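Visitor: I'll drop the sequence and a predicted model, then ask my questions.
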Amino acid sequence: MILEAVGEDVSREGLQDTPKRVAKMYAEVFSGLKEDPKEYFKTVFHEGHEELVLVKDIPFYSMCEHHLVPFFGKAHIAYIPRDGVVTGLSKLARAVETVSKRPQLQERITSSIAESLMETLNPHGVYVMVEAEHMCMTMRGIKKPGAKTVTAVSRGILETDAVKRSEVITYINMN
Ligand SMILES: Nc1nc2c(ncn2[C@@H]2O[C@H](COP(=O)(O)OP(=O)(O)OP(=O)(O)O)[C@@H](O)[C@H]2O)c(=O)[nH]1
Ligand SMILES: [Zn+2]
């Protein structure tokens with residue numbers, strides 16, 4: 001229907017399988033709708049580690065819900081465990097993957113990861129930062145390639161304690 005609407009000849013060879021390919025692609029890029037990031041954080045280890053855990057530079061690709069074009073970048077997830085309860089490191093990246101693979105807003109990716117962690121691990125604090133380039137701002141519309149959006153959500157002690165939060169931000173900015 002999109003190809004017809006833009007005036008394409010939908011019978012030409014290259015386009016014949018395009019509806020099928022696009023359907024398959026959307027099933028893949030929106031597969032996170034069927035998943036709950038909180039499920040991943042059920043994998044826990046009792047390690048007695050009460051200090052910072054940070055997994056940074058987690059790459060992600062998502063789809064802007066306004067234009068259905070990609071936005072992509074990196075997510076950084078930090079938390080301070082309570083009672084030494086930590087989750088698997090890969091589970092943080094899996095949560096990013098799940099919430100990215102939905103029609104999204106960058107703010108919602110950021111806050112839903114933070115809330116999921118707070119609700120499951122009940123840590124002392126969480127800090128999530130997401131930086132991304134939105135193709136709806138680069139290839140169309142205002143056309144500002146290179147413009148970067150940064151969103152951050154802090155919860156618990158990382159919301160109330162500015163010193164601890166700036167320590168986390170220093171680690172995020174470190175190479
Ligand atoms: N807050 C937020 N806005 C977003 C995100 N992704 C895209 N947008 C914005 O959503 C807005 C939609 O604005 P509209 O005026 O309804 O749509 P539009 O006419 O296509 O807007 P332009 O992009 O300005 O041409 C735009 O300003 C986009 O930049 C996001 O993750 N978070
Ligand atoms: Zn957009």
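Guide: That came through fine. Ligands and ions are numbered 1, 2, ... in the order given.
Visitor: just the helices in the chain please.
Guide: Assigned by DSSP state H, the chain shows helices spanning 2-5, 13-16, 18-29, 37-40, 89-100, 106-121, 157-160, 162-173.
Visitor: closest to H134 out of those?
Guide: Closest to H134 of these is helix 106-121 (C-beta to C-beta; 7.6 Å). Heads up, the C-betas are built off the backbone N, CA and C, glycines and all.
Visitor: and that closest one, which residues are buried?
Guide: Counting neighbours by 16 or more other C-beta atoms under 10 Å, one finds that the buried residues in helix 106-121 are 106, 109-118, 120-121.
Visitor: same deal with stretch 134-146?
Guide: Buried, per 16+ other C-beta under 10 Å, within stretch 134-146: 134-138.
Visitor: next, format these as JSON lines and append pLDDT and distance to ligand 2.
Guide: Listed next are the buried residues of stretch 134-146 as JSON lines, based on pLDDT from 0 to 100; distance: C-beta to the ion, whole Å:
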{"residue": "H134", "pLDDT": "98", "distance to ligand 2": "6"}
{"residue": "M135", "pLDDT": "98", "distance to ligand 2": "7"}
{"residue": "C136", "pLDDT": "97", "distance to ligand 2": "3"}
{"residue": "M137", "pLDDT": "97", "distance to ligand 2": "7"}
{"residue": "T138", "pLDDT": "97", "distance to ligand 2": "10"}
